[in-house]
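*Asks:* Next input, structure requested:
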Amino acid sequence: MCGIVGLFVGCTAVSYCPKRLLSRTPAPGGDASAGPGDASFGAADSADAYRSPFRSWDKRAAVRSAPRRELPAETDGLYFFSPDLVPLARHELVRGLRPELYEQVLVQHLYRYLDFTAKLEQVVVNRTALGIAQGTVGLRLHPDMRFDAYRVYCDEAYHALFSADLMRQAERRTGIAPRLPREPYFLTRLAEIQQNGTEPAALAELVFVIVSETLISGTLGEVPDDPRVVPTVRDVVQDHAADEGRHHTYFALFLKELWAQSDRAARRDVALLVPRMIDAFLRPDLPALRAELAGYGIGRDATEQILAEVFPEDLVRAASRNSARQTVRYLAQLGALDEPEVQAAFENYELV
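*Replies:* Numbering: from 1, shown residues only. Okay, here's the model as predicted:
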């Protein structure tokens with residue numbers, strides 16, 4: 001149990017560990033965050049070398065400007081999530097459920113979104129943000145970029161907080177208990193890639209964060225505009241979306257730094273990880289959805305029919321390709337897809 005981080009991180013995050021950083025003795029005149037052979041930031045350390053996407057953070061970040069979002073006394077006639085954005089809710093066998101069960105489908109999706117958000121931000125993204133802020137990710141970064149990582153950390157911690165807060169409020173208001181897997185599917189899949197891959201586990205996590213922060217989510221853009229949804233839910237998603245727009249820009253800039261400071265072999269490792277991480281992040285958790293449908297009294301055959309018709313492989317891949325188009329564009333602009341092996345990997349996942 002790490003006394004600083006607050007949870008056991010094992011060796012996968014050893015390069016990010018602030019306890020390890022703080023115990024390191026800096027060389028005379030050197031930077032404690034610089035590893036063996038690292039130079040100072042040098043010529044790149046100029047006023048215009050890094051243009052921060054957080055220039056208005058103190059006024060616009062949700063943690064600075066938004067009030068606590070509280071559910072209203074009455075939510076009758078309103079949904080807890082947009083039915084159009086809940087794949088299960090669009091299937092005729094699910095639409096045909098009793099109204100109180102159909103409501104559960106939407107509420108459970110809200111819980112899934114909030115749980116996903118809280119655990120992504122706390123368990124993965126903030127571990128990387130901490131590493132960037134403390135200078136332990138192995139890159140020479142502009143001091144302002146490292147400082148902005150503290151802002152990312154604050155934002156993500158607040159996203160986890162308001163997600164947990166809204167889940168508690170929704171459970172009390174609806175009387176519907178969350179029916180969630182022990183951990184979101186993306187954590188299981190990330191762990192599998194780290195355990196089975198040839199790349200360093202810390203690099204895999206770093207690439208996963210870049211991918212997760214640069215994907216374009218329709219949910220963040222569309223829920224706030226749906227008047228059928230409880231206003232508090234819309235406000236929370238809007239708060240999240242506004243912050244994540246800055247994070248997207250930040251991690252796109254971070255990807256450029258990672259690429260510029262990596263040799264050819266490391267670049268290859270990064271590029272080959274990207275399509276696997278996109279798939280790990282976006283692929284639906286069919287086992288959890290299967291268990292959820294069973295909880296509504298839907299039989300095994302009907303459940304398999306729903307899952308097969310809602311999540312056919314070609315649709316899953318098309319949705320992933322659409323969400324990842326900007327991430328893929330960043331890699332293409334860096335020249336990553338010029339390597340035949342990388343191009344083949346992206347084609348294998350139908351991302352290009």
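*Asks:* Please count neighbours and contacts with C-alpha atoms only from this point.
*Replies:* OK.
*Asks:* And the strands in the stretch 251-352 of the chain, which stretches?
*Replies:* Counting by DSSP state E, counting those that start in this stretch, the stretch 251-352 of the chain has no strands to list.
*Asks:* center of this structure, which residue is that?
*Replies:* In the chain, the residue lying closest to the centroid (C-alpha atoms, centre = their mean) is residue 212, at 4.0 Å.
*Asks:* For the residue nearest to that residue when sequence neighbours are not counted, give its distance to residue 238.
*Replies:* Computed as C-alpha to C-alpha, 6 or more residues apart in numbering, the closest residue to residue 212 that is not its neighbour in sequence is residue 281, at 7.0 Å. Applying C-alpha to C-alpha, to the nearest Å, the value for residue 281 to residue 238 is 21 Å.
*Asks:* Same check on residue 260?
*Replies:* Taking C-alpha to C-alpha, one finds residue 260 at 34 Å from residue 238.
*Asks:* of the two, who's got more company?
*Replies:* Taking neighbours as other C-alpha atoms under 10 Å, residue 260 and residue 238 compare with residue 238 leading, 20 against 13.
*Asks:* Assumed the more buried one was part of a strand.
*Replies:* No: the assignment for residue 238, made by DSSP: H, G, I helix; E, B strand; the rest coil, is helix rather than a strand.
*Asks:* pretty sure it is in contact with residue 224, am I right?
*Replies:* Yes: the criterion here is C-alpha atoms under 8 Å, and residue 238 meets it with residue 224 at 5.7 Å.
*Asks:* Count residues in the vicinity of residue 348, would you?
*Replies:* Neighbours of residue 348 (other C-alpha under 10 Å): 11.
*Asks:* quick one, what contacts it?
*Replies:* By C-alpha atoms under 8 Å, 6 or more residues apart in numbering, residue 348 lies in contact with nothing.
*Asks:* Read off the pLDDT value for it.
*Replies:* What the model reports for residue 348 is a pLDDT of 96.
*Asks:* That one and residue 135, how far apart?
*Replies:* Distance from residue 348 to residue 135, by C-alpha to C-alpha: 35 Å.
*Asks:* Likewise for residue 195?
*Replies:* 25 Å.
*Asks:* Settle it for me: which of these two has more neighbours?
*Replies:* Between residue 195 and residue 135, counted using other C-alpha under 10 Å, the more crowded position is residue 135 (25 against 13).
*Asks:* quick one: pLDDT of the more buried one?
*Replies:* Taking residue 135 on its own, its pLDDT is 95.
*Asks:* thought it was touching residue 146?
*Replies:* Yes: taking contacts as C-alpha under 8 Å, residue 135 lies within contact range of residue 146: 7.1 Å.
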